[in-house]
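Asker: the following block contains a protein sequence and its predicted model.
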Amino acid sequence: MKVLVLGLNHKTADVETRERLAFNGTKLEEGVLGLHKVEGIEEVALLSTCNRVEIYACVSHVRDAVENIKNFLASFHDITKEDFEKSLYTLTGTDAVRHVLRVASSLDSMVVGEPQILGQLKDVFDFALNKKTTGMLLNRLMKKAISTAKRVRTETKIAENAVSISFAAVELARKIFADLSGKSFMLLGAGEMAELAARHLFNNGVKEVTVVNRTYERGCELASEFNGRAVRFEDFLHELAQMDIIICSTCAPSYILVKEQMNNVMKERKHRPVFIIDISVPRNIDPEINKIANAYLYDVDDLKEVIDFNILERKREAEKAQHIIDEEVDKFIRWMSSLDSVPTIVALRRRAEEIKNEEVEKFRVRFSDLGEERLKAVECLASSIVNKLIHPPTSALKEDAEDRDELIAMVKKLYGINGNNHEE
Amino acid sequence: METVLFELALTCYFTVTIIGIIELFKGSKDLSLLMLVVTCAGFLTHSASIVYRYASAGYLPVTSMHEAASFFAWCIVLIFFFLAYRYKIGIMGSFILPIVFILMLLSSMLPRVIRPLEPVLRSYWLGIHTFFAFLAGAAFAVACGIGIMYLLQEHYLKSKNTHGLFKKLPSIQVLDEINYKLITLGFPLLTLAIISGAFWAESAWGSYWRWDPKEVWSLITWFIYALILHIRLTAGWRGKNAAFLSIIGFLIVLFTFFGVNLLLKSLHSFS
C-alpha cells in the first residue's frame, strides 16, 4: 500500500485549468464517491479549493492507479487528458506525505501562512470520514497533517504578520490603540481597497463608522452596511476631530487635508492619537501631517513596505516550519513501515499457539489420569515457555531498525511461516 | 543570613536583567514567564532580607544608603508585579527590572553595618514618611521605564519601521495610559511624603520647612510631576511629551534620593 497525491495548484496550472477541474458544490460528493470506485484505489479523499485540486489516495499499484484517476478526471469533467496532464503532479511515498503536511501547514499556499487551508483540509477529512472513503492509512495521515499544522502555527510565527494592505492597517492600528472596540472610524471616499480595510477594522471591533463620499447616496448605501452614518463631503472636516481612524481613498487632484487643518483638529481632540491611512494615488492627505505629534499617517507605499517586511519574516518562519514538517514526516513514515511487520508478528504468534495447543492436547491424552488441576498447571507452563520464547523476536520486529525487511524474511524462514499471510 | 538573602536577591535580579536583554532580541512566552518566576524568587529573598534587617535593627531599614537603595528597588519590584498582573506585557520587565538591578548593585557596594538609630530619627514618622517617599519614587521609576518604551514605539510608528521591537512592544495608547496612571499614583504619594516630612521636621527640628537641599529637590520633583499632570489635563499634552517628561522627572527623583546625600550638605544625610 502506497500513499499517492495527484493534483494541481496555482503554481502548476492557470486559473482556467483549475476552474475546469474544480469539484464545486455537489460535484464534490460525486467526485469522492466516483474516485472511491476507481480500480486500484483503496482509500481516497478529495480537496478542491480555488488554488488547488488534489486527490489523496492509498493504492497498491501506483502506475495503474494514476492512469485510472486521470481517465476518471477526464470523463468526470468532460475534458481531454492532454488539457490538464501537463499541470498535474504525482507524488508517492515520503514525498506524498511531506506534500500533505506542507499543504496543511500552509507552506504550499499562494500566501504562505494563510489560515484557511487547514479548515478546508479538515472539511475534506470530515467529509471523507462521513462517506467512509478513507481507511486506516489516510485517516492517520490526515490527523497527522492537522496536528503538524497546529504545531507549525504554535511553534513558528508563520501566520503572525499581516501580508495584505487591510490586515496591515489593522496590525498598525493595534499598535496605536489599546483596544479597537469603541474607536470611531471614518471612511473617506469608497474604493475597493478602502472598503476591505474598513471591513477588517469593523470585524476587529471598531464601531461607529462614518462614511464620507462625494455622491451622498453611495455613502449612505455603504454606511448602512456598517450600521454607520453618512456625512456629506463638504462637512467632513467638522467631523474629523471625533475620528480615531481615518481611511482615505478619494481621487482628488490635490490634498484634501493639509497640516494646518490637522493641527486644529488635533487641538480640538486634545491630542488623542489618530491613525490616518491614505491609500489614494496620488496622495490626498498632506504627508507633513505625520510630523504632528500623536498623528500617524501611512500611505500606500508605507503599508507596502510593512507588508514586504512581513513577507520576508514569513519566509524565514517557513524554514523553521520545514524542520517541523521533516520531523513529522519521519514519524509517519516510521509508523507506516512498522505496519509491514504486523502480519509477520501475527503469523508468528499463531504458529506458536498452534504448536503449544497440539502438544498440550497430546499430553492430555497420554496422562489423562493426572487430574484436571495438574493438567491445567502443565498448560500454564507450556504457555509461559512459548510466550517467553517468542517475546524477543516479536519485539525485534516491532523495533524500528534499518534491516527490518531482512529480519522479517529471517523470522519467516526460522519459524517456518508462509509468506502469504496477509490477513488483517 | 541577611547577607546571604541579599546576595541571592541580587543574583536573581542580575539573572532577570540578562534574561530581559535576551528577551529584547529573541522574545518568547517561555522567556517572559521565566523572567517573572526569577523575579518572584528575587522578590521573596529580597523581602526576607529586609525583614531580617528590620528585626535585627529594630526600625525600618531605610536610613543608610545601602538600605535606601535596596528598599527603593524593593518598591519598584512591588509596582512591577502589580503592572505585570494587570497588563501582562511580557517585554515590560526588560525595561524596568534593569533599574532594580542597578539599584541593588549600588546598594551592594555600599557599607552595610547596622548602626544605632540617631535620636532625631527615633519617631513613628520614620516609617510613614519614608514609605510614602519610596513608593512615590518607585512609581516614578516604573513610569520612566514605561516612558522609554513609549518613545521607542512612537519612533517605530512615526518612522514606519515595523522591524525590531515593534511587534513586541504594546500599543502606545496602553503605554501612555500606564504612564499616566503611575504618575497619578506617585504624585499624591510624593505629596503625602512631603507633608508628613514637614510634620516630622516640625516635631524633630522645630520648623516645618527649612529649605534644606533635600526639601528643595523634593519640591522640584513635585513641581515636575504637577506640571506633567497639569498640562495633560488642561492642554491634553500626552504621549511623547508626557513620556519624555517622566524620564526627566525620574532623573530628578534619583538626584533627590541619592545625589543630594552625596553631593550637597543636607540635614537628611544620616549615614
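Answerer: Everything's here; your move.

Asker: where's residue A:153 relative to residue A:83, distance?
Answerer: Applying CB to CB, to the nearest Å, the value for residue A:153 to residue A:83 is 37 Å. For every residue, glycine as well, the C-beta is placed using N, CA and C.

Asker: compare those two (neighbour count), which wins?
Answerer: Using other CB atoms under 10 Å in any protein chain shown as the criterion, residue A:153 and residue A:83 rank with residue A:153 on top: 18 against 15.

Asker: next, give phi and psi for residue A:208.
Answerer: phi 60, psi 70 (degrees, to the nearest 10).

Asker: burial measure for it, as a count.
Answerer: 16.

Asker: show the pLDDT at it.
Answerer: Note on residue A:208: pLDDT of 83.

Asker: now do the same contact list for it.
Answerer: Applying CB atoms under 8 Å, 6 or more residues apart in numbering or on different chains, we find residue A:208 in contact with A:182, A:183, A:184, A:185, A:228.

Asker: nearest residue to residue A:242 in space, please, no chain neighbours.
Answerer: Of all residues not flanking residue A:242 in the chain, residue A:184 sits nearest, at 5.7 Å (CB to CB, 6 or more residues apart in numbering or on different chains).

Asker: distance of the one you found from chain B?
Answerer: Noted for residue A:184: a distance of 14 Å to chain B, by CB to the nearest CB, to the nearest Å.

Asker: that residue - how many residues pack around it?
Answerer: 16.

Asker: same check on residue A:359?
Answerer: Close neighbours of residue A:359, defined as other CB under 10 Å, add up to 14.

Asker: check the secondary structure at it for me.
Answerer: Assigned with DSSP: H, G, I helix; E, B strand; the rest coil, residue A:359 falls in the helix class.

Asker: correct me, but it touches residue A:382?
Answerer: Yes: between residue A:359 and residue A:382 a contact is recorded at 6.5 Å, counting by CB atoms under 8 Å.

Asker: what sits against residue A:328?
Answerer: Counting by CB under 8 Å, 6+ apart, residue A:328 touches A:101, A:144, A:147, A:148, A:151.

Asker: from those, keep the buried residues only.
Answerer: Buried members of these, scored by 16 or more other CB atoms under 10 Å in any protein chain shown, are A:101, A:144, A:148, A:151.

Asker: domain-wise, how is chain B divided?
Answerer: In the domain annotation for chain B, the residue ranges read B:1-117, B:124-271 (automatic domain parsing).

Asker: out of the ones you listed, nearest to chain A?
Answerer: domain B:124-271 (3.0 Å; CB to the nearest CB).

Asker: list the residues that contact the residue of the stretch 1-150 of chain A found nearest chain B.
Answerer: Closest residue of the stretch 1-150 of chain A to chain B, CB to the nearest CB: residue A:113 (14.8 Å). Residue A:113 makes contacts with A:106, A:158, A:159, A:163, A:314, A:317, A:318, as judged by CB under 8 Å, 6+ apart.

Asker: doesn't it belong to a strand?
Answerer: No: if the criterion is three-state DSSP, then residue A:113 is coil and not within a strand.

Asker: buried sites along the host helix or strand of residue A:150?
Answerer: Take DSSP states H and E as the rule and residue A:150 turns out to sit in helix A:136-155. For helix A:136-155, a neighbour-count test (16+ other CB under 10 Å) marks A:137, A:138, A:141, A:142, A:144, A:145, A:146, A:148, A:149, A:151, A:152, A:153 as buried.

Asker: again, but for stretch A:242-252
Answerer: Residues A:243, A:244, A:245, A:246, A:247, A:248, A:249, A:250, A:252 are the ones in stretch A:242-252 that count as buried (16+ other CB under 10 Å).

Asker: Serialize the residues you listed to TSV and add fields for pLDDT and secondary structure.
Answerer: Compiled in TSV, the buried residues of stretch A:242-252 are given as follows (pLDDT from 0 to 100; DSSP: H, G, I helix; E, B strand; the rest coil):
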residue	pLDDT	secondary structure
A:243	91	coil
A:244	92	coil
A:245	92	strand
A:246	92	strand
A:247	90	strand
A:248	90	strand
A:249	86	coil
A:250	84	coil
A:252	83	coil
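
Asker: many thanks, we can stop here.
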